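Trainee: coords please:
(one chain, ligands or ions: 1)
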Amino acid sequence: MKTKTRKPSIEACARCSGCGCEAKSKASKSGDAKVPMGWKRTSEGMLCRSCMQSAYRTVACALPIVKPLGATWDEFGTALRTAWERSTSLSTWAMARMHLADPGLDAEKKKLHPMPELNLYAEIRGRFPDVPCGTVAAMAQSLRSKYMSARFGIMVNNGKGGRSDWPKFRYPTPFPIRAQGSEWAVAKQGQEYILSFNLCDKRWDVVLRQGKDFRRQIGMVDQLIGGDALKCELALYSIRANDGDRRSGMSEREPGGGERSRRRVMAKLVLRIPRTTKRSGDRTMVLKALPHSFLVARMAGQTSNGWWLHGDHQMRRIAQHRRMMRRMSDDMKSEQRSKRGGLQGRISRQSKKHRDYMKSFVQTTAASIVSYAQRQHVGRIVFDDRKGEYFESFPWFEFWAYLKEKAMPIEVVSVSTFKAEKELAELELVLADMANREDRRNGRNDDDKDGSCNTVAGILAGA
Ligand SMILES: [Zn+2]
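Mentor: From the prediction side, this is the model:
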């Protein structure tokens, strides 16, 4: 009897077409090297992780679906409903499965046991055989990372008065379709953009909406058709639409029954767009957070007034939000037990609204700093990474991370890690001058400030 033996895999060497670095990988059937983990294949060859990050940025463009081609909305709606039912029950099941396998906290309730290795992909495949393997792979990966990021907050922080909840999945949970092969593709036919994909054992062609509201998204789709951009994932989801919108879509009951409502079907295309080579020069720009204004930026070695962002409106909004949260949590007394649910709902809605607002503020601020830096031919942004005190709270870490990503190829460094001795003295003067200017603008002349906390030497000394 012949026993099945595994052929020993042949070692191969993958080479990055960007920087020329090499990594070990296995040989494919044709004898070429397979793409190593974290690398990506492009039209020119393979790119390593860091070359990929500096050459491309990942974007998601969401476009409404106008109509299916060669099928009615009823037929398309039935396929979508089946897909969403599967993605919703799959997500709920996978969360419960991971929760069951999770060993949780140790006996002293202090440390979290490591999560055991779980072959979620194989388990989901066994339980949901109708879901295509690409979709299962994409969902298993995203569900695992969702679970892992929620795990610590719930198991550790909830015992300490924190309030987090497991991710919940309501119908319709977005249905992802992987990019491998021709699982999905976009083409331009005449004036229309046609998206085609496999869904429920059938190939569907749908027309994507365009127009002035979607100019930015269509521009990215054009880059994909032209071969400059790379495709990642496609996700189909739906949003609630008003009857008065006069937009095509499907009508559906809310989960758990209720009135029929119109829903607009959306396609989210995740793409890798080549980074435009931004103009960058050799100047250094200093960015600093201040106690009475949000941010100021200025060129090193210049005495001009610089670029100011006071952010008074945001300061008021943050203060108002913090006050509201404090007062609402004060009202959560145990005597008010019966009303707690409602109040809890208001708190989480308010927090979400504020988080969304801050996220968009962080992104627009970073974008305007980068465009100012480009205009000024900046090659490096040095930021004073001590937090400003103007806002009661601000997601500084996210802000710096987003700025670094957005500014590429302009280098963003923190002043405390800045090592160029020669420029240090110059920066010191700029930072001190910025602080003085702000004091003057605010009509204050504090003598108690010795200025040590505004100098680079002061920062380096840990002042
Ligand atoms: Zn490389």
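
Trainee: Tell me where the model's unsure across the stretch 301-450 of the chain.
Mentor: Along the stretch 301-450 of the chain, the model assigns pLDDT under 70 to residues 333-341, 385, 387-388, 418-431, 438-450.

Trainee: What segments of it are helices?
Mentor: With helices called from DSSP state H, counting those that start in this stretch, the stretch 301-450 of the chain shows them at 312-330, 340-375, 396-407, 421-441.

Trainee: again, but for the stretch 51-200 of the chain
Mentor: 73-101, 120-127, 133-152.

Trainee: I'd like to know which of the ones you listed lies nearest to the ion.
Mentor: helix 133-152 (23.7 Å; CB to the ion). Heads up, the C-betas are built off the backbone N, CA and C, glycines and all.

Trainee: for the stretch 101-250 of the chain, what spans make up the strands?
Mentor: Applying DSSP state E, counting those that start in this stretch to the stretch 101-250 of the chain gives strands spanning 175-177, 184-189, 192-199, 202-208, 230-240, 250-253.

Trainee: Tell me which of those lies nearest to Asp384.
Mentor: strand 230-240 (36.4 Å; CB to CB).

Trainee: which secondary structure elements does the closest one contact?
Mentor: helix 73-101, strand 175-177, strand 184-189, strand 192-199, strand 260-274 (3 or more CB pairs under 8 Å, 6 or more residues apart in numbering; DSSP states H and E).

Trainee: got the phi/psi numbers for Lys300?
Mentor: One correction, residue 300 is Ala, not Lys. Taking degrees, to the nearest 10, you get phi -70, psi 140 for the backbone angles of Ala300.

Trainee: so the closest residue to it other than its chain neighbours bridges to which residues?
Mentor: The spatial neighbour of Ala300 that comes closest, neighbours along the chain excluded (CB to CB, 6 or more residues apart in numbering), is Thr284 at 4.1 Å. With DSSP bridges as the criterion, Thr284 is bridged to Arg380.

Trainee: Check the residue in the stretch 151-300 of the chain positioned nearest to the ion and give its pLDDT.
Mentor: Nearest residue of the stretch 151-300 of the chain to the ion: Arg275, at 14.6 Å (CB to the ion). Turning to Arg275, the model gives it a pLDDT of 81.

Trainee: For Glu411, see how far away it is.
Mentor: 14 Å (CB to CB, to the nearest Å).

Trainee: rewinding a little: got the helices and strands packed on strand 230-240 as JSON lines, with mean neighbour count and distance to Met46 columns?
Mentor: Listed next are the helices and strands packed on strand 230-240 as JSON lines, based on neighbours: other CB atoms under 10 Å; distance: least, CB to CB, whole Å:
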{"stretch": "helix 73-101", "mean neighbour count": "17", "distance to Met46": "32"}
{"stretch": "strand 175-177", "mean neighbour count": "23", "distance to Met46": "24"}
{"stretch": "strand 184-189", "mean neighbour count": "15", "distance to Met46": "22"}
{"stretch": "strand 192-199", "mean neighbour count": "18", "distance to Met46": "26"}
{"stretch": "strand 260-274", "mean neighbour count": "18", "distance to Met46": "14"}
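
Trainee: For Ala33, which of these is the nearest?
Mentor: Closest to Ala33 of the helices and strands packed on strand 230-240, according to CB to CB: strand 260-274, at 21.1 Å.

Trainee: Alpha carbons of that closest one, as CSV, please.
Mentor: Included here for strand 260-274 are C-alpha records, laid out as CSV according to Å, rounded to 0.1, in the frame of the first residue of the first chain:
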residue,chain,number,x,y,z
ARG,A,260,-39.7,47.8,6.7
SER,A,261,-37.0,50.3,5.9
ARG,A,262,-35.1,51.2,2.8
ARG,A,263,-31.4,50.2,2.7
ARG,A,264,-28.7,51.3,0.4
VAL,A,265,-26.2,48.6,-0.6
MET,A,266,-22.6,49.7,-0.4
ALA,A,267,-19.4,48.2,-1.8
LYS,A,268,-16.2,49.0,0.2
LEU,A,269,-13.2,48.6,-2.0
VAL,A,270,-9.9,48.3,0.0
LEU,A,271,-7.0,49.4,-2.2
ARG,A,272,-3.3,50.1,-2.0
ILE,A,273,-2.7,53.4,-3.7
PRO,A,274,0.9,54.5,-4.6
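
Trainee: Any idea what Glu11 is bridged to?
Mentor: Residues in beta-bridge contact with Glu11 (DSSP bridges): Lys26.

Trainee: In this model Lys24 seems to touch it, though I could be wrong.
Mentor: Yes - in this structure, Glu11 is within contact of Lys24 by CB atoms under 8 Å, at 6.5 Å.

Trainee: domain assignment for the protein?
Mentor: The record assigns the chain these domain ranges, following automatic domain parsing: 11-47, 57-275, 283-326+354-460.

Trainee: which one of those domains lies closest to Gln344?
Mentor: Nearest to Gln344, of the domains of the chain and by CB to CB, is domain 57-275 at 7.8 Å.

Trainee: and that closest one, how far apart are its ends?
Mentor: The first and last residues of domain 57-275 sit 6 Å apart, counting by CA to CA, to the nearest Å.

Trainee: Spell out which parts of the stretch 51-200 of the chain neighbour the ion.
Mentor: Contacts of the stretch 51-200 of the chain with the ion, taken as CB under 5 Å from the ion, map to Cys51.

Trainee: how close does the residue of the stretch 51-200 of the chain found nearest the ion sit to Val378?
Mentor: Closest residue of the stretch 51-200 of the chain to the ion, CB to the ion: Cys51 (3.2 Å). As judged by CB to CB, Cys51 and Val378 stand 23 Å apart.

Trainee: do Leu236 as well
Mentor: Counting by CB to CB, the gap from Leu236 to Val378 is 42 Å.

Trainee: Model confidence at the spatially closest residue to Phe169 that is not a sequence neighbour, what's the number?
Mentor: Nearest residue to Phe169 in three dimensions, chain neighbours excluded: Ser91, at 4.0 Å (CB to CB, 6+ apart). With respect to pLDDT, Ser91 scores 93.

Trainee: Nothing else from me, thank you.
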